[in-house]
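Asker: next one to model:
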Amino acid sequence: KSSNLADIKTANEGLKAVTEAIMILKTFYKEAAKATVLAQRASPVDEDTTGPGFEGAYRGKQPASKGIIGLLEVIKSDFSRTVRKTNQAEKEAAAAFVEFDRSSRADIAGKETKLALDGEDLRSTDGSIATKMQDMQANMDLVDAAIKEVEALKPMCIDTGMSYAERVAK
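Answerer: Numbers count the residues shown, from 1 in each chain. Below you'll find the predicted structure:
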């Protein structure tokens, strides 16, 4: 963001400077095209020499000025395009950030909810395990008691000292 803002600031400053330069040059060449020479008397020295080669008012290089102004217009359009594209890129980046922020917040909220539900499931499972362990211990105690009872009754069933026929007769 700061890079985009710096680019926009620099481009706006350049755009302003180039626009001002174009205005100054156009004004100068417009006025120079209308320039006239004030009536001056020729000096006797000027008559004796060929002179520096200046005749008439200086009108600037009118044909060359169009090329310079055209070049400055291209630079101006480049600055304008830079500002426009950078603003567009900044808007797109801001929109992408908003979308990312929303989806991230929704994702985080969903994961926090899942974490809470998983914690509840864990507590429920731990409670169920504890209850089932107690039930299993109670059943194991009943099995142990039944085995002791069977062991206690076994001698009476196996070693009675009577034969089968005696037991049947009884």
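
Asker: use CA for all of it now, contacts and neighbours both
Answerer: OK.

Asker: please compute how far the biggest helix by length in the chain lies from its chain's middle.
Answerer: Criterion DSSP state H: the longest helix present in the chain is helix 62-158. Distance of helix 62-158 from the chain centroid (C-alpha atoms, centre = their mean, to the nearest Å) equals 19 Å.

Asker: residue 129: neighbouring residues, count only.
Answerer: Neighbourhood size, residue 129 [other C-alpha atoms under 10 Å]: 12.

Asker: actually, residue 134.
Answerer: 12.

Asker: report pLDDT for it.
Answerer: pLDDT, residue 134: 97.

Asker: next: residue 32.
Answerer: 68.

Asker: what does residue 153 give?
Answerer: pLDDT, residue 153: 84.

Asker: counting neighbours, what do you get for it?
Answerer: Using other C-alpha under 10 Å, residue 153 has 11 neighbouring residues.

Asker: quick check: it vs residue 163, distance?
Answerer: Remark: distance between residue 153 and residue 163 (C-alpha to C-alpha, to the nearest Å) = 18 Å.

Asker: kindly report the same for residue 144.
Answerer: Computed as C-alpha to C-alpha, the residue 144 to residue 163 distance reads 31 Å.

Asker: low-confidence stretches in this structure?
Answerer: Along the chain, segments meeting pLDDT under 70 span 32-63, 159-160.

Asker: at 80 what do you get?
Answerer: Residues of the chain meeting the criterion pLDDT under 80: 1, 29-65, 155-164, 166-167, 170.

Asker: check contacts around the residue nearest to the spatial centre of the chain.
Answerer: Centroid check for the chain by C-alpha atoms, centre = their mean gives residue 97 as the closest residue, at 4.7 Å. Applying C-alpha atoms under 8 Å, 6 or more residues apart in numbering, we find residue 97 in contact with no residue.

Asker: can you tell me the SS state at residue 161?
Answerer: Secondary structure, DSSP: H, G, I helix; E, B strand; the rest coil: residue 161 is coil.

Asker: burial check on it, number of neighbours?
Answerer: Residue 161 has 9 neighbours, counted by other C-alpha under 10 Å.

Asker: next one: residue 158
Answerer: 9.

Asker: what's the answer for the one 10 residues further on, then?
Answerer: When counting by other C-alpha under 10 Å, one arrives at 8 neighbours for residue 168.
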